[in-house]
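Peer 1: have a look at this fold, sequence not included:
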């Protein structure tokens, strides 16, 4: 089992690159870039909409690429590309090339995230008694990227405050971190490339992924994409508007990331226990509570509680859909199922940042935008309760 845990930990760096850094570190950079470049909240949100659009396109392309290259090659290849695109973001100040870099980084992160999720599911299939924990470890790896971003970005922004466009140093340091993590990913990619891909059992009925059978789960997960990304894009900006210091932001964001790391233990039993949409519904509902808190109060203990609860839940929502696929489909259909859920997740993320930014530019400000995000999450929870296990 020692190699299994080492592989799971190494694979988790894929989630750290694709989500923890490539996707979420931008929320820490947003206030400085918006102030320096004169952006509206709508344009600031559009940067993560572009990233989500790239993720959507990458998710659509992944099944085709997976059949031709295999998940191992996509894992480390996508990680290298994500590192390059993160670094390029530090070389531009105009909105158009920055939007392009965010889009390309989204494409690369989709390749990494889906391939890593499939490999984690295969690792769990070899050890069914630990499958929920192994999946949770992979998705919880996002917390590593979040914690690293929390420690690097606010400090770098303060250190380069006097420099023109000093925020670009944060992009370059984050790209370096992604590059180092990509080098580590070569090991699990090579080891697992030697494993035989799961095949359908000869003589058994072929059970394929069919969208209509997972309609309520897919709808609930789409709304998760709409809701959670508004929080991760704008919560730091809201804290800054409310007067939080760089140290307070670091503490808040680092605690959120540590909660992500702990989430694999917290929800492992729930992931293993339910074959229907109950897990997705429960986690979406809790996430809505975490999202709305900073919009209702500036009391620091409750703001910290919001970050801790959000971190403890949101990546387990992603793991819950992988578990739903794994519980209800044979291994040969997992790639199609994971890709379908990732596609609708990405579609939801395309909508979320721009809509929340547009709301934030209005009279209600960022707080009203987070209320919209929470409402989307709660509606997603209601829909997920309707998802039944396949007979």
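Peer 2: Perfect, I can see it now. Worth saying up front: this structure is predicted, and the values here are computed from it rather than measured. Residues are numbered from 1 along each chain as shown.

Peer 1: can you count the residues close to the nearest residue to residue 250 once chain neighbours are set aside?
Peer 2: The shortest distance from residue 250 to any non-neighbouring residue, by CB to CB, 6 or more residues apart in numbering, is to residue 154 (4.8 Å). (C-beta placed from N, C-alpha, C; glycine too.) Residues near residue 154, counting by other CB atoms under 10 Å, number 24.

Peer 1: distance-wise, check residue 154 relative to residue 28.
Peer 2: Using CB to CB, to the nearest Å, one obtains 7 Å as the distance from residue 154 to residue 28.

Peer 1: overlap in contacts of those two?
Peer 2: Between them, residue 154 and residue 28 share these contacting residues under CB atoms under 8 Å, 6 or more residues apart in numbering: 249, 253.

Peer 1: quick revisit: what comes up buried for the helix or strand where the residue nearest to residue 250 lies?
Peer 2: Assigned by DSSP states H and E, residue 154 belongs to helix 142-159. Buried residues in helix 142-159, counted by 16 or more other CB atoms under 10 Å: 142-150, 152-154, 156-157.

Peer 1: report all helices and strands that it contacts.
Peer 2: Applying 3 or more CB pairs under 8 Å, 6 or more residues apart in numbering; DSSP states H and E, one finds that helix 142-159 makes contact with helix 2-15, helix 26-37, helix 168-193, helix 246-266, helix 300-328.

Peer 1: now the helix or strand hosting residue 111, how far from the centre of its chain.
Peer 2: Per DSSP H and E, residue 111 falls inside helix 95-126. A distance of 9 Å separates the centroid of the chain from that of helix 95-126, by CA atoms, centre = their mean, to the nearest Å.

Peer 1: could you give the mean pLDDT of it?
Peer 2: Mean per-residue pLDDT for helix 95-126: 92.

Peer 1: likewise stretch 376-389?
Peer 2: What stretch 376-389 shows for mean pLDDT is 94.

Peer 1: list the buried ones in it?
Peer 2: 376, 377, 378, 379, 380, 381, 383, 384, 385, 387.

Peer 1: likewise for stretch 289-305?
Peer 2: Quick answer for stretch 289-305 (16+ other CB under 10 Å): 289, 290, 291, 292, 293, 294, 295, 303, 304, 305.

Peer 1: quick one, what contacts the fifth one?
Peer 2: Pointing back at residue 293 there. Counted by CB under 8 Å, 6+ apart, residue 293 has contacts 302, 303, 305, 306, 309.

Peer 1: which one of the residues you listed sits closest to residue 32?
Peer 2: Using CB to CB, residue 303 is the member of the contacts of residue 293 that lies nearest residue 32, at 20.4 Å.

Peer 1: my guess is that closest one meets residue 255, correct?
Peer 2: No. Look at residue 303 against residue 255 with CB atoms under 8 Å: they stay out of range, at 10.4 Å.

Peer 1: next secondary structure after the helix holding residue 111?
Peer 2: helix 131-140.

Peer 1: which strands and helices lie in contact with that next one?
Peer 2: Going by 3+ CB pairs under 8 Å, 6+ apart, helix 131-140 lies up against helix 2-15, helix 95-126, helix 246-266, helix 268-273, helix 300-328.

Peer 1: and the third one, what's its mean pLDDT?
Peer 2: Right, the one you point to is helix 246-266. Computed over helix 246-266, the average pLDDT equals 89.

Peer 1: which other helices and strands does that helix contact?
Peer 2: Applying 3+ CB pairs under 8 Å, 6+ apart, we find helix 246-266 packed against helix 131-140, helix 142-159, helix 215-241, helix 300-328.

Peer 1: and the angle from the last one to helix 2-15?
Peer 2: What separates the directions of helix 300-328 and helix 2-15 is an angle of 120 degrees, with axes from the mean of the first three to the mean of the last three CA atoms, to 10 degrees.

Peer 1: list the buried ones in helix 300-328?
Peer 2: Quick answer for helix 300-328 (16+ other CB under 10 Å): 303-328.

Peer 1: how far off centre is that helix?
Peer 2: How far helix 300-328 lies from its chain's middle: 10 Å, per CA atoms, centre = their mean.

Peer 1: centre of the chain versus the helix or strand just after it, how much separation?
Peer 2: Downstream of helix 300-328, the first helix or strand assigned by DSSP H and E is helix 334-360. In terms of CA atoms, centre = their mean, the centre of helix 334-360 is set 10 Å apart from its chain centre.

Peer 1: so helix 334-360 versus helix 300-328, what angle?
Peer 2: Using the same axes, to 10 degrees: helix 334-360 against helix 300-328 is 150 degrees.

Peer 1: same for helix 334-360, what does it pack against?
Peer 2: helix 41-69, helix 95-126, helix 215-241, helix 300-328, helix 365-384.

Peer 1: so which of these is nearest residue 181?
Peer 2: helix 95-126 (10.0 Å).

Peer 1: what is the orientation angle of that closest one with helix 334-360?
Peer 2: 140 degrees.
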